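Undergrad: no sequence for this one, just the structure:
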């Protein structure tokens, strides 16, 4: 298995989470991966509340609360969340969908995800799946109605992000949806991407690398791993998808060949979403 230094901060956070007594402690002590700027004052409940506000908004705007032509509603459906972490958005998903499969590359975070959903969601609807190699989902084909990922794929190497995108399509049943978030290119990438490469190189240094990765500034830099454009995503999968949409912030100019452009001001101006129906 090839080394993936951009995953060092996440794995270091996972090991740290296993030593914490409570979910509140996990959020406070692993802020370098969750972009927690609140620090010691943030509670798990407040952390989950941010997901509780985002999930309904995205589901509504993206049309994912509308019953299917055959009358199936979300309570009858399965959603796979790629990159669940400790369950910030997972809790809200379990209130919306009959089955939710939380996927993450760190087993410790998946254990914490179960605990989080036990407190704030519907844990009887939750399953977990460990992404052991960072790019393959251990799930059967056609096993979900929606494959969802938010602020995860941008942290992967480009090849891994493309493979996970293909995996999302593979596990989604015909007629189901892939709802996948990516980071777009920007002027600041002239500086950010080279600095990210330097940070990832430093993560490889024994002992020093894992220590460095636990500093928020280093983790954020090291995660500047790819900037995939819509055409790079759509091209290899075009024969497998229909009703392709690229969602963006109104201030963004990003688009994709053959895709309908949609806008929502709740989308980060540096992000874009690929939303499509699987054939």
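TA: Received it, and whenever you're ready, just let me know what you need. What you see is a predicted model; the values in this text were computed from it and never measured. Residues are numbered from 1 along each chain as shown.

Undergrad: right, and residue 155 touches residue 225 too?
TA: Yes - using Cβ atoms under 8 Å, residue 155 makes contact with residue 225 at a distance of 5.6 Å. C-beta here means a position set from N, CA and C on the backbone, and glycine is covered the same way.

Undergrad: point out where the stretch 1-150 of the chain drops to low pLDDT.
TA: 1-41 (pLDDT under 70).

Undergrad: tell me the strands in it, going along the chain?
TA: In the stretch 1-150 of the chain, the segments counted as strands under DSSP state E, counting those that start in this stretch are 78-82, 99-104, 126-130, 144-149.

Undergrad: now do the buried residues in the third one.
TA: Spelled out, that is strand 126-130. In terms of neighbour count (16 or more other Cβ atoms under 10 Å), strand 126-130 has its buried residues at 126, 128-129.

Undergrad: could you dump those residues into TSV and include distance to residue 221?
TA: Shown next, in TSV, are those (distance: Cβ to Cβ, whole Å):
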residue	distance to residue 221
126	33
128	29
129	29
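
Undergrad: what's the closest of those to residue 182?
TA: Among the buried residues of strand 126-130, residue 129 lies closest to residue 182 (Cβ to Cβ), at 21.5 Å.

Undergrad: what sits closest to the closest one if chain neighbours are left out?
TA: Distances taken as Cβ to Cβ, 6 or more residues apart in numbering place residue 103 nearest to residue 129, at 4.7 Å, with adjacent residues excluded.

Undergrad: pull the longest helix from this structure.
TA: For the chain, the helix reaching the highest residue count under DSSP state H is reported as helix 44-61.

Undergrad: for it, packing partners?
TA: Applying 3 or more Cβ pairs under 8 Å, 6 or more residues apart in numbering; DSSP states H and E, we find helix 44-61 packed against helix 23-29, helix 90-96, helix 107-120.

Undergrad: which one of the strands of the stretch 1-150 of the chain lies closest to residue 185?
TA: Proximity of the strands of the stretch 1-150 of the chain to residue 185 was assessed by Cβ to Cβ; the nearest stretch is strand 144-149, lying at 18.9 Å.

Undergrad: tell me the strands beside the closest one, with direction?
TA: The pairing partners recorded for strand 144-149 under DSSP bridges are strand 78-82 (parallel), strand 172-183 (parallel).

Undergrad: now do the residue of the chain positioned farthest from its centre against residue 261, distance only.
TA: Note on the chain: the largest separation between a C-alpha and the mean C-alpha position, by Cα atoms, centre = their mean, falls on residue 70 (29.1 Å). Here the criterion is Cβ to Cβ, to the nearest Å. By it, residue 70 lies 29 Å from residue 261.

Undergrad: that older thread, let me know the angle separating the longest helix of the chain from helix 107-120.
TA: Between helix 44-61 and helix 107-120, the angle comes out at 80 degrees (axes from the mean of the first three to the mean of the last three Cα atoms, to 10 degrees).

Undergrad: pull out the buried residues from helix 44-61.
TA: Within helix 44-61, the residues that qualify as buried are 44, 47-48, 51-52, 55, 58-59, 61, counting by 16+ other Cβ under 10 Å.

Undergrad: and which of the residues you listed is nearest residue 271?
TA: Using Cβ to Cβ, residue 58 is the member of these that lies nearest residue 271, at 11.6 Å.

Undergrad: quick one: contacts for the closest one?
TA: When contacts are counted by Cβ atoms under 8 Å, 6 or more residues apart in numbering, residue 58 touches 64, 150, 179, 266.

Undergrad: spatially nearest residue to the third one (excluding sequence neighbours)?
TA: Taking Cβ to Cβ, 6+ apart as the measure, residue 179 lies nearest to residue 148, with 4.7 Å between them; neighbours along the chain are not counted.
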